[in-house]
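K.L.:
I'd like to go over a predicted model; first the sequence, then the structure.
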Amino acid sequence: MIVHSPAPDISLRHQRREQRLMLALALPALLVILLLVVLPVGWLAWQSVYHDGFTLANYRRIWSEDIYWRSFALTFEIAVLVTLLALLLGYPIAYAASVAPKRWAIVILALVVLPFWTSVLVRAYAWLALLQRTGVINQVLRQIGVIDEPLALVHNTFGTVVATLHILLPFMVLPLYATMQQIPRDLMQAGASLGAGPTLTFWRIFLPLSLPGVLAGSTLVFVLTLGFYITPELLGGGRTIMISMLVSRNVELYDQWGAASAVGVVLLVAVGLIFFAVSRFIPLDRVLGQK
């Protein structure tokens with residue numbers, strides 16, 4: 001008589017019990033995601049297509065009215081400009097922090113993250129005070145004889161770009177620094193030992209290896225700029241109408257929840273497509289700072 005060992009059955013029961021335990025541990029987080037993400041997004045999508053019955057009028061309005069096209073075009077234009085400027089400013093800062101001694105690297109990174117200690121609203125008002133016609137910048141320029149009349153530095157696209165760039169610059173520097181820290185310094189030394197100068201070594205070795213950080217930081221800055229509201233509202237002076245402000249005005253001024261929801265859905269889809277395109281080159285956990 002052959003007696004079968006119960007070990008596989010016991011192992012299977014342990015595996016199922018472990019799976020149920022993991023599901024129970026993840027259940028609170030899943031409920032939070034359901035309540036704070038899935039249900040609001042579902043309600044947003046429902047609002048955009050239902051008004052006394054199913055309708056696509058809100059989406060047709062986006063494609064047919066110039067104000068929506070101009071707002072989307074201006075938003076993406078500002079996002080591209082802020083991203084490029086953040087890359088131009090952030091890359092040297094991240095590079096300096098990556099090659100500096102540890103003590104100085106800590107100082108540089110501390111200065112980068114220092115603005116996080118102040119709210120976005122306070123920083124926006126600070127730039128408003130600096131850039132206005134009677135602000136510090138115009139007064140200094142007039143005193144040294146550079147200008148005769150105050151420059152229009154605020155209540156336009158320029159002021160919006162400057163303030164947004166200042167607020168989002170750390171989101172470019174930190175992914176760049178994290179990527180640069182992972183580049184083996186032996187590669188730079190190997191390039192130098194083969195006769196390459198510092199400039200050639202940087203362009204042929206360091207820069208290509210830092211491109212994942214460039215892509216991650218650029219994606220973060222670009223996507224965050226698309227949804228900015230407080231900064232363009234204060235610094236734009238009602239003349240720089242970005243997508244977030246269009247959503248706000250549809251709700252507050254015209255009580256058009258469906259139109260606002262449709263704009264939100266289109267923006268959400270655009271951001272999703274951006275993340276999908278970026279994920280074809282680098283994993284999303286690199287973009288979100290999980291690695």
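P.N.:
Happy to help now that I have it.
K.L.:
mind checking how far the closest residue to F228 other than its chain neighbours is from L246?
P.N.:
Spatial nearest neighbour of F228, chain neighbours left out: T164 (5.8 Å); criterion: C-beta to C-beta, 6 or more residues apart in numbering. From N, CA and C alone the C-beta is placed, and that goes for glycine too. Separation of T164 from L246 (C-beta to C-beta, to the nearest Å) stands at 17 Å.
K.L.:
more crowded one of the two?
P.N.:
T164 (27 against 22; other C-beta atoms under 10 Å).
K.L.:
Following the chain past the helix or strand the more buried one falls within, name the next helix or strand.
P.N.:
Assigned by DSSP states H and E, T164 belongs to helix 157-181. Per DSSP H and E, the first helix or strand lying C-terminal to helix 157-181 is helix 185-193.
K.L.:
ok, residues contacting that following helix?
P.N.:
198, 200-201, 204-206, 209 (C-beta atoms under 8 Å, 6 or more residues apart in numbering).
K.L.:
Restrict that helix to CA atoms and write it as CSV.
P.N.:
Output in CSV follows, covering the C-alpha atoms of helix 185-193 (Å, rounded to 0.1, in the frame of the first residue of the first chain):
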residue,chain,number,x,y,z
ARG,A,185,33.3,57.3,-11.7
ASP,A,186,35.6,54.6,-13.0
LEU,A,187,34.1,55.2,-16.4
MET,A,188,35.2,58.8,-16.3
GLN,A,189,38.7,57.8,-15.2
ALA,A,190,38.8,55.2,-18.0
GLY,A,191,38.0,57.8,-20.6
ALA,A,192,40.6,60.1,-19.2
SER,A,193,43.2,57.3,-19.3
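K.L.:
next SSE after it?
P.N.:
helix 198-201.
K.L.:
Can you give the distance from that next one to the centre of its chain?
P.N.:
Between the centre of helix 198-201 and the centre of its host chain there is 31 Å, according to C-alpha atoms, centre = their mean, to the nearest Å.
K.L.:
any idea of the mean pLDDT for that helix?
P.N.:
Averaged across helix 198-201, the pLDDT comes to 82.
K.L.:
Next, the buried residues of that helix.
P.N.:
Under the neighbour-count criterion of 16 or more other C-beta atoms under 10 Å, helix 198-201 has T201 buried.
K.L.:
Which elements pack onto that helix?
P.N.:
helix 185-193 (3 or more C-beta pairs under 8 Å, 6 or more residues apart in numbering; DSSP states H and E).
K.L.:
per-residue pLDDT, S5?
P.N.:
S5 is given a pLDDT of 51.
K.L.:
quick one on the thing from earlier: so the residue nearest to F228 sits right up against T225, yeah?
P.N.:
Yes: judged on C-beta atoms under 8 Å, T164 makes contact with T225 at a distance of 6.0 Å.
K.L.:
returning to what we had before: the residue nearest to F228: what's it in contact with?
P.N.:
The contact partners of T164, taken as C-beta under 8 Å, 6+ apart, are 78, 82, 225, 228, 231-232.
K.L.:
what do you get if the cut-off is 7 Å, keeping everything else the same?
P.N.:
82, 225, 228, 231 (C-beta atoms under 7 Å, 6 or more residues apart in numbering).
K.L.:
how about the last one, what does it touch?
P.N.:
Spelled out, it's T231. 120, 124, 160, 163-164, 167.
K.L.:
just the second one next, same as before
P.N.:
Taking C-beta under 7 Å, 6+ apart as the criterion, T225 is in contact with 78-79, 82-83, 164, 168.
K.L.:
Poorly predicted segments of this structure, please.
P.N.:
For the chain, residues meeting the criterion pLDDT under 70 lie at 1-9, 282-291.
K.L.:
Show me the longest helix that occurs in it.
P.N.:
Taking DSSP state H as the assignment, the helix of the chain that covers the most residues is helix 66-99.
K.L.:
And the following helix or strand past that helix, what does it pack against?
P.N.:
Scanning forward in sequence from helix 66-99 by DSSP H and E, the next helix or strand is helix 102-113. Judged by 3 or more C-beta pairs under 7 Å, 6 or more residues apart in numbering; DSSP states H and E, the packing partners of helix 102-113 are helix 66-99, helix 157-181.
K.L.:
The longest one packs against which elements?
P.N.:
The one in question is helix 66-99. Using 3+ C-beta pairs under 7 Å, 6+ apart, helix 66-99 is in contact with helix 102-113, helix 157-181, helix 211-226, helix 243-252.
K.L.:
The first one to helix 66-99, inter-axis angle?
P.N.:
Here helix 102-113 runs at an angle of 170 degrees relative to helix 66-99 (axes from the mean of the first three to the mean of the last three C-alpha atoms, to 10 degrees).
K.L.:
Nice, that's everything, thank you.
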